[in-house]
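In: Predicted model and sequence below, questions to follow.
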Amino acid sequence: MVNKPLARARLVTQGVATPIDVGVDAGTPEHAQAIAARFGATQGQDFPGAISSLAYRMGTAGAVNAVDAVNAVREAFNTGLIVRGYPMRGTVFVTAAKDLAWITQLCGVQNLKSMERNRPNLGLDNSHVDQAAEIVHETAGARGATRAELFKAFEAAGIPMGPGNGYHLVRSMLHAGTVVYGPIAEESTRVENHVMLAKDWLPAGTDLEGTFNGDQHAAITELLRRYLDSHGPATLRDFAWWSKLPLGKIRKAFADIASNYVSWHAVTGAPGSTAPGEELWVREDALELIAEHEKDANKPSLLAAFDEIILGYQDRMYIVPEDHHAALVPGNNGVFRQAVYASGEVVGFWKRQGAASKRKLVIEEFKPLSTTRAKQVQTRFKAYPFASA
């Protein structure tokens, strides 16, 4: 069931309704890095959408020009400040480069086991992964390599390359922390990253041992803090679903930082969690910001596919009307549509037609937008930080 007060609060803490102060100069690559670090990890399956989501959070309310924001995000990738990887949930995420290794080691063990179990179904075994890793070391170098270049090299070396095998091999190395998705492959016809060797591209000493002296409890506490600060109000079970970390360990970690958070329902009287007995936690010092920008959080927003506002929580129906939830993922095929948000809920889906100066907004409305609302949505479309022409 839609929970409009909760949706508005999350739009504020996520930096969609109003810019969040992350302590760096706005519109710079360091700004993009700081936002990525604040979240810990943000959805990155659709790379153009991931760029737009970060850029949007840099440029909300005209704080940064959309083109400048996109360029800053692209430069952050190209200079190694942010990367993409598979740190958890078998899903691509964007992280600050200094965070990918320790989050992957903390949350990604089950992903490696799952990949290994599926390998025989593809006609692959562990020796093929080892062979592919050797090829990446020989092929990537300082420039890196596109996936297509690696797939060609794998095939030339005699590795079985049936449907999905190349992707499986690269993904296995991403889960293992051998490689990362780094700078943008400008020569490619699609928006994609070069595959880079992690030892060359990630900052030294940023693994679990180097960052937390191997202390998993400290790492869980830090990742939980970032999640609640950037996603709150949220439940501990939301974080458990998001990270796939054990709830028991999460509760122990929360005990160390609980004094910084308050129950959203108890303090505001707003509707609570849809899960019985689960408190929605929010930073106490975020309450003033949420109240100050409640009106801003009612204004329309065009969300990228896979945006954290939609995918950052176990229950998406806090913001997506139940009658339209199935249409968010047509055919339940894992591909999420771009949502139009207004007044505390998703009110439709959107896409663009045409390129660059000929872009046209196409909306599938749940119910007709008012003339005023339709004009506001068009204004947002014109200022949207598109990652590609």
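Out: Looks like it arrived, so ask away. Computed from a predicted model, the values in this text were never measured in an experiment.
In: rest of the way, CA atoms for contacts and neighbours
Out: Noted.
In: where exactly do the strands run in the stretch 101-250 of the chain?
Out: Under the criterion DSSP state E, counting those that start in this stretch, strands of the stretch 101-250 of the chain are mapped to 179-184, 193-197.
In: now for the shortest one, which elements pack on it?
Out: Packing contacts for strand 193-197, counted by 3 or more Cα pairs under 8 Å, 6 or more residues apart in numbering; DSSP states H and E, involve strand 179-184.
In: What residues of the worst-scoring helix or strand of the chain on mean pLDDT count as buried?
Out: Taking mean pLDDT, DSSP states H and E as the measure, the helix or strand of the chain with the lowest value is helix 109-118, at a mean of 87. Buried residues in helix 109-118, defined by neighbour count with 16 or more other Cα atoms under 10 Å: 111-112, 115-116.
In: re earlier: quick one: which of the strands of the stretch 101-250 of the chain is nearest A258?
Out: Across those, A258 has its closest neighbour in strand 179-184 (33.8 Å, Cα to Cα).
In: packing partners for the closest one?
Out: By 3+ Cα pairs under 8 Å, 6+ apart, strand 179-184 packs against helix 66-78, strand 82-88, helix 165-176, strand 193-197, helix 198-201.
In: Test my guess that L81 contacts A34.
Out: No: judged on Cα atoms under 8 Å, L81 makes no contact with A34 at a distance of 9.2 Å.
In: V67 is in contact with A389, isn't it?
Out: No: counting by Cα under 8 Å, A389 is not a contact partner of V67; they are 11.1 Å apart.
In: who has more neighbours, the two?
Out: V67 (16 against 9; other Cα atoms under 10 Å).
In: How about the contacts made by the more buried one?
Out: Listed by Cα atoms under 8 Å, 6 or more residues apart in numbering, the contact partners of V67 are 385-386.
In: and for L81 and A34, which residues touch both?
Out: Overlap of the contact sets of L81 and A34 (by Cα under 8 Å, 6+ apart) consists of A96.
In: These two: which has the busier surroundings?
Out: L81 (24 against 20).
In: Now the more buried one: closest residue in space, sequence neighbours ignored.
Out: A97 (5.4 Å; Cα to Cα, 6 or more residues apart in numbering).
In: Provide a list of residues in contact with the one you found.
Out: Neighbour list for A97: 80-83, 202-203 [criterion: Cα under 8 Å, 6+ apart].
In: give me that answer again for 6 Å
Out: Shown in contact with A97 (Cα atoms under 6 Å, 6 or more residues apart in numbering): 81-83, 202.
In: What's the ChimeraX line that selects buried ones from the residues you listed?
Out: In ChimeraX syntax, the buried subset of the contacts of A97 is picked out as below (16+ other Cα under 10 Å):
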select :81,82,83,202
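In: The contacts of A97 into JSON lines, with extra columns for pLDDT and distance to I20?
Out: Below are those laid out as JSON lines (pLDDT from 0 to 100; distance: Cα to Cα, whole Å):
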{"residue": "L81", "pLDDT": "98", "distance to I20": "19"}
{"residue": "I82", "pLDDT": "98", "distance to I20": "18"}
{"residue": "V83", "pLDDT": "98", "distance to I20": "21"}
{"residue": "L202", "pLDDT": "97", "distance to I20": "26"}
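In: now, which of the contacts of A97 sits nearest L289?
Out: Proximity of the contacts of A97 to L289 (Cα to Cα) peaks at I82, which lies at 27.2 Å.
In: List the contacts of stretch 299-306.
Out: Stretch 299-306 is touched from outside by 49, 336-342, with contacts defined as Cα under 6 Å, 6+ apart.
In: and it, how far out from the chain's middle?
Out: Stretch 299-306 sits 14 Å away from the centroid of its parent chain (Cα atoms, centre = their mean, to the nearest Å).
In: quick thing: my sequence starts at 41, can you match it?
Out: With 41 as the first residue, the last one maps to stretch 339-346.
In: All set now, cheers.
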